[in-house]
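Colleague: sequence unavailable; structure follows:
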């Protein structure tokens, strides 16, 4: 029985490694949006006299994707931690001797909790939501103003993106 449990632990570890690789791959794809998605944003904010620069549309997509990804990660880590904790209590309260399972689930719950604490996805999600909304507000203000030239609008947008990039850097420290 001990050998079977150790074999299952190895399989579970390999599954977690694959899940980790999948999460990293999804994050990489989110940070490198497809041109089709960027072009949709450009088309969304297109006015008769002004078209959003591709770099601004790309940031818009990336920051929106980051927001969604990190909120999802936060909720999943929290739910998995709670679920593993509840399963630990369930197995601990049952009459069967499943001490290996209880220990494993308790460690799994602790692992999800600590991962959530150190990765702090809620903080990152909140930051990316803030920069995404700021950029969205700036774009709306720019495309609504008919007095500014295209060059002025591009300059304002570039300045706002630089300002938001500096804001993001404060969260990375």
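Modeller: Everything's here; your move. The structure displayed is predicted, hence computed values, not measured ones. Numbering: from 1, shown residues only.
Colleague: in the chain, which spans are helices?
Modeller: 2-31, 35-44, 54-93, 99-119, 121-144, 150-171 (DSSP state H).
Colleague: which regions of this structure sit below the pLDDT cut-off?
Modeller: For the chain, residues meeting the criterion pLDDT under 70 lie at 1-9, 95, 173.
Colleague: ok, residue 50 touching residue 149?
Modeller: No - at 9.3 Å, residue 50 does not count as touching residue 149 under the criterion of C-beta atoms under 8 Å. To be clear about C-beta, it is placed using only N, CA and C from the backbone, and glycine gets the same treatment.
Colleague: between these two, which one's more packed in?
Modeller: residue 50 (18 against 10; other C-beta atoms under 10 Å).
Colleague: list the residues that contact that one.
Modeller: By C-beta atoms under 8 Å, 6 or more residues apart in numbering, residue 50 lies in contact with 142-143, 150, 153.
Colleague: could you identify the most distant pair in those residues?
Modeller: Pairwise distances across those peak at 11.0 Å for 143 and 150 (criterion: C-beta to C-beta).
Colleague: sorry, back to before: same list (the helices of the chain) but as a markdown table, adding mean neighbour count.
Modeller: Converted to a markdown table, these look like this (neighbours: other C-beta atoms under 10 Å):
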| stretch | mean neighbour count |
| --- | --- |
| helix 2-31 | 11 |
| helix 35-44 | 14 |
| helix 54-93 | 17 |
| helix 99-119 | 15 |
| helix 121-144 | 17 |
| helix 150-171 | 14 |
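Colleague: got the contact list for residue 62?
Modeller: By C-beta under 8 Å, 6+ apart, the neighbours of residue 62 are 30-31, 33.
Colleague: now residue 23: how far from residue 98?
Modeller: Per C-beta to C-beta, to the nearest Å, residue 23 is found 29 Å from residue 98.
Colleague: equivalent analysis for residue 169, please.
Modeller: According to C-beta to C-beta, residue 169 stands 48 Å off from residue 98.
Colleague: what of residue 26?
Modeller: According to C-beta to C-beta, residue 26 and residue 98 sit 34 Å apart.
Colleague: can you check residue 57 too?
Modeller: From residue 57 over to residue 98 the distance is 54 Å, taken as C-beta to C-beta.
Colleague: now do residue 21
Modeller: Using C-beta to C-beta, residue 21 is found at 30 Å from residue 98.
Colleague: could you do residue 84 as well?
Modeller: In terms of C-beta to C-beta, residue 84 sits 14 Å off from residue 98.
Colleague: nothing else from me, thank you.
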